[in-house]
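Participant: Sharing a sequence plus its predicted fold:
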Amino acid sequence: MTDDNPLLNKAIRDFLAEAEEIVEQLGSELADLADSADKGDINPDLLNSIFRGAHSLKGLAGMFGFSSVAELSHNMENLLDRLRLGKLKLDAEVIAVLFESHDVLLSLVRGLSEGTNDVAEEKISLCAARINACLDEQTRSAASPPLLEKLGLSEQVMKSLTEYEEHRLLENLSKGKHIYRVHATFDLATFDQELATISDAIKTCGEIISTLPCISSNLETNIDFDILAGSTQAFQEFSQVIRHDNATLTLLNDDGKTPAATAANAGDSVGSVSGGQKTTDIPSSQSMHPPVPDSPAAAPVSAKSISRTVRVDIGKLDELMNIVGELVLAHSSIAALVQRLRNERFSQMSVELGKSAKVLERKLTDLQKGVMDIRMIPVGQLYEKMSRIVRTISREQGKKVELRFYGADTELDKLIVEDISDPMMHIIRNAIDHGIESPEKRLAAGKDEKGVIRISSYQKGNHVVIEVEDDGGGIDIEKVKDRAQQRGLVQNPGAVSDKEALEFIFLPGFSTTDQVSEVSGRGVGMDVVRNNIAAISGMVDIETTKGLGTRFVITLPITLAIIKSLIISCAGRTYALPVTSVLESLILTGNDIKTVERREVIQLREHTLPLLRLEDFLCLNRPTDRPGEFYAVVVGVAEKRLGIVVDELLGQQDIVIKSLGEGFRRFPGIAGAADLGDQRTILVLDVGGMISDTMRSGS
Amino acid sequence: MNRKTILITDDSTALRTMLVSIIESLGDFRIVEAANGFEALRLLPREQVDLIFTDINMPDINGLELISYLRNNPNYRHIPVVILSTEGSQSDIEKGRSLGANEYIVKPFNSADLKNIIHKYLD
């Protein structure tokens, strides 16, 4: 299977990406497993997920002929299978073996990606030997108690349970949990969302053992599900949790008594085995983490990596960035002291201090740039994922779509790249689902039957712009206006400009399609896309031409970590505005302001600039009268401009934006908080959010 | 045109791509892909599927549950189902067979294995 087939080559690339993803996930899940084992509370879903990772990798590596990876993951899978089926106890030795095997697996997979192969065969066989030793020592027969018969499950249900699900069912029973069957009827078009709602509800108070789809009385429109769940909750409480119109709840082990075999290992959901077999219990004080090797020979293999790269946890970079941020702040206060010294009394000392502070500043700038560079990754890393999605969806939809990438090497902060991934996926889904027409329609319209989605990214000043452009049918603006009128958003659609009408698309729950589609109509709308982009201080704009296509323009800051900001004050309070979005500032008096359509504007050269009074936007109480002379800071993101009216401009300063936490995440117009270095904490304004908010309320 | 449609249900993109590349080399088929049981259930009412390949170990709805549904639903009862399995999953394969799966193939399989199956059910 090694012919020169491009699809096959792509499959191999997919395999390498997927294998690396699986191994990385295995690593973090193993760490979680070790942590939870330390606490004596092992989550069966976590263990099963680790098993599935090893299982998938085994199957994949086998298919692609990478026998070392297949062999090692096969051995790990064996071990994990025993663990998840409760046939083996998870002790410190087992965890150490898993970690070691994972290390070797990681080196193997990286070696495949980098085309190197420096993992010795002995290591693989050593892992295998250690795994086998674990298996030998603790293998025991799993007597299947006749508990299951009491449940009265149909043969169909019993047959559909995998060995693992059967084990989970027994495990729940032996823990004395109630076993419930939730039978629910859903609409075929929306069943996955409805099922997810019920599943999430069940997971809050129990474990889902299996989800069996069954035929509904109305085959063409409905689908039924039988969900088996284990929970400690009594019937009444459990039924409160489930509340769904078309769901019925049955308690299967309704004898009121707790089933037998609960005594041993009550705290350990995975390793418990009935009977008096020997188990190697670990004292709770003993850590489940593998011992740290202290000889240099045992250092991780990746240190020898030929590619001379180091993989670093982004958390460490965040920490470093934070420290750099604090240093920058510390420097700012030294610089302020120097200035004060100079103002008070000119002395040789203050000059020397000023010089040193300058050197410090230069080196700090280098350091800051250096750390920032480490965080930068090419946008192209996202593209791989995108092509997978496009392939799947276009196949599903029977459309022909070609994805073209431009500017893959444009760099962005890793966190921004991560956060932009979902909104971009959504936009691309939309483009295929609603934008690109079917091949027949395209041919009829005189277009190539294959649609093209162009994703291009480039740097523009302090921002990176990502454009997603399709050559589909475009957005039907008349339809948007009609829908807006139906929803009572506008009285007279004729008076709404096309640009304003496009803004409606970003409103929650706004959709022009009459039918919810499988692809993009999953309850996530463009409002979420815009919010997610705004959360990383970005903006999204649409341009569309009927019949020719739609273009989404996403403008993002290069980094979120340290920004230069303009410190302003309004109504006695101090705020920071990111300088990257500030275009200019103007001195105004009351006479400069005109009112057009009940909105305050000024004439700025040949344009009319809408104004936003910060005090109104933030609902501030003004203790004193407005000053006669004040400032307008002209801000702009993408093509949009706004004048923010403030009392005073206090100067420029580097700040480190700190998040306000989940609770304030959706607060429009506030990007976070920052420390000014003199023990004062101020709010940082989110220009993108303020602009969209103003535009929205204006139209 | 009388192209046959094959549904592949597997949570691995790489494996699906691999299967697609092999199946495409075997003849002119329409291939639809599902990354899990849910996607398969959503696709089935819209597609005239002639043959289904499904993995067993998938999150949410596993392959056995999918087979059970297919065999109980008069609309899909006739569609041949092939289990994509890995070695060592004997008990799951047996359950799948007893639920009505027509065949199983064990990864790593090769194009000859697939060719036999496709000819058997689609010729």
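Facilitator: On my side now, so go ahead.

Participant: Residue ranges in the stretch 51-200 of chain A under the pLDDT threshold?
Facilitator: Scanning the stretch 51-200 of chain A for pLDDT under 70 picks out the ranges A:117-119, A:137-147.

Participant: For the residue of it found nearest chain B, grab the count of nearby residues.
Facilitator: At 3.8 Å from chain B, A:G62 is the closest residue in the stretch 51-200 of chain A, using CB to the nearest CB. Using the backbone N, CA and C atoms, a C-beta is placed for each residue, glycine as well. By other CB atoms under 10 Å in any protein chain shown, 21 other residues sit near A:G62.

Participant: longest single helix anywhere in chain A?
Facilitator: With secondary structure taken from DSSP state H, chain A has its longest helix at helix A:6-38.

Participant: Which other helices and strands does the next helix or strand after that one contact?
Facilitator: The helix or strand immediately downstream of helix A:6-38 is helix A:44-63, counting by DSSP states H and E. Here helix A:44-63 touches helix A:6-38, helix A:67-84, helix A:163-174, helix B:13-26, strand B:81-86, strand B:103-107, going by 3 or more CB pairs under 8 Å, 6 or more residues apart in numbering or on different chains; DSSP states H and E.

Participant: Can you verify A:L212 is assigned to a strand?
Facilitator: Yes. When DSSP: H, G, I helix; E, B strand; the rest coil is applied, A:L212 is found to be in a strand.

Participant: The helices and strands packed on helix A:44-63: which one's closest to B:R71?
Facilitator: Closest to B:R71 of the helices and strands packed on helix A:44-63 is strand B:81-86 (CB to CB; 8.1 Å).

Participant: hey, C-alpha coordinates of the closest one in CSV?
Facilitator: Taking C-alpha atoms only, strand B:81-86 is exported to CSV below (Å, rounded to 0.1, in the frame of the first residue of the first chain):
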residue,chain,number,x,y,z
VAL,B,81,-22.6,-4.0,7.6
VAL,B,82,-18.9,-4.7,8.0
ILE,B,83,-17.2,-4.3,11.3
LEU,B,84,-13.8,-2.7,11.3
SER,B,85,-12.2,-4.4,14.2
THR,B,86,-8.8,-4.8,15.7
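
Participant: before we move on, the earlier item: check whether the longest helix of chain A comes near chain B.
Facilitator: Yes. Helix A:6-38 is in contact with chain B by CB under 8 Å from any CB of the partner chain, via A:L7, A:L8, A:K10, A:A11, A:I12, A:D14, A:F15, A:A17, A:E18, A:A19.

Participant: Verify the stated contact: the residue of the stretch 51-200 of chain A closest to chain B with B:P108.
Facilitator: Yes. Assessed by CB atoms under 8 Å, A:G62 is found in contact with B:P108 at 3.8 Å.

Participant: where do the contact lists of the two overlap?
Facilitator: A:A70 (CB atoms under 8 Å, 6 or more residues apart in numbering or on different chains).

Participant: So what are the sheet partners of the host helix or strand of A:R641 and their directions?
Facilitator: Using DSSP H and E, A:R641 falls within strand A:640-646. Paired neighbours of strand A:640-646 in the sheet (DSSP bridges): strand A:607-613 (parallel), strand A:629-637 (antiparallel).

Participant: Identify the residue nearest A:L443 in space, chain neighbours excluded?
Facilitator: Nearest residue to A:L443 in three dimensions, chain neighbours excluded: A:E449, at 5.2 Å (CB to CB, 6 or more residues apart in numbering or on different chains).

Participant: Specify the local secondary structure of the one you found.
Facilitator: Classified using three-state DSSP, A:E449 is coil.

Participant: Just give me the neighbour total for it.
Facilitator: Neighbours of A:E449 (other CB under 10 Å): 14.

Participant: Find the centremost residue of chain B, please.
Facilitator: The structure's chain B has its C-alpha centroid closest to B:F53; by CA atoms, centre = their mean the separation is 0.9 Å.

Participant: try chain A
Facilitator: Note: chain A centre (CA atoms, centre = their mean) maps to A:D419, 5.9 Å.
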